[in-house]
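what follows is a predicted structure for the sequence shown.
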Amino acid sequence: MTTATRRTGTKGVARAEREQQILEVAGRVFGEHGFAATNVAEIAREAGISKPLIYNYFGSKEALFERCLATASDLLIDEIERTAALGAVGLTRALATLDGVFGVLAGRTWVWRVANDPSAPSSASALLGSYRERLEALAHDGVRELLALAGDDDPLDLAAMVAVWSSVFAALVDWWCAHPGVAPAEMSARCERLFAAVFGAEVSA
C-alpha cells in the first residue's frame, strides 16, 4: 500500500478537484509499482472511491497513466526551464538544475518515477518522446555553454558530453529518490561536493 494516502471522497467535491485528487493518488501508485504492475482497483482503493468512477473520469488505465505522465513531465520541464532562465552557466547551471529538481520532487518522487517508467504503455510513447526531446534540448544548451567556457566547439564532443550529463543527472536523481531520508538541501550540498571532487574546482548553485 502506498504511503501518505489521500482520500478523495465522492461527495461535496467538484469534478475538477476530485479529478486532480485522483491523479495525485494514481501518480503515487504508478510511481511505487510501475504502470504494468498497477491495477485500477488498487488506485480506487487508495483513493477511497469506486473503480467505475475512475473509468468514468479517465476511460482506461492507459489514459489515467498518460494524464499522470503529462503532469509529471510538465512539472520537471517547467522547473528545468526556470533554472535555465536564471542565467547560470557551466557547472553552476548543472547544480542549479539539480537543486531545482530536488525541490520540485520533494514529497512527490512519484513524478520522477512516472516520467521514467520503463513499463509505460505504448499509447504513452508520443508523450514520452516529447518529454525526452525537451529534456535533451535543455541538456544540449547547458552542455554547449559548459564546453564553450573551455573553448571546445566540437559537435561530437558536445554529443558525447550531453550523453554523459544526462546519465549523471538521472543517476543522481534516481539515487536521491531511493533515499527518502535525504532532504533536498542535503542532496544539493552532496552534489556540490561531488562536483568539486570530480572537477577539482569549487562550484556553487
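Sure thing, it's come through.

list the contacts of the closest residue to V182 other than its chain neighbours.
Spatial nearest neighbour of V182, excluding adjacent residues (C-beta to C-beta, 6 or more residues apart in numbering): W176 at 6.0 Å. Backbone N, C-alpha and C define where each C-beta goes, glycine included. Residues near W176 by C-beta atoms under 8 Å, 6 or more residues apart in numbering: F102, L105, V182, M187.

farthest pair in these?
Maximum pairwise distance among the contacts of W176 (C-beta to C-beta): 11.6 Å, between L105 and V182.

just to revisit the earlier point, what's the spacing between the residue nearest to V182 and D99?
Distance of W176 to D99, computed by C-beta to C-beta, to the nearest Å: 11 Å.

measure how buried R67 is and give me the count.
R67 is flanked by 19 other residues according to other C-beta atoms under 10 Å.

which residues touch it?
L23, A26, F58.

now it: which helix or strand?
When secondary structure is defined by DSSP states H and E, R67 falls within helix 61-84.

buried set for that helix?
Across helix 61-84, burial judged by 16 or more other C-beta atoms under 10 Å covers 61, 63-73, 75-77, 79-80, 83-84.

now do the contacts for the nearest residue to R82 once chain neighbours are set aside.
Once flanking residues are discounted, R82 sits nearest to G100: 6.5 Å by C-beta to C-beta, 6+ apart. G100 sits next to E79, I80, R82, T83 when contact means C-beta under 8 Å, 6+ apart.
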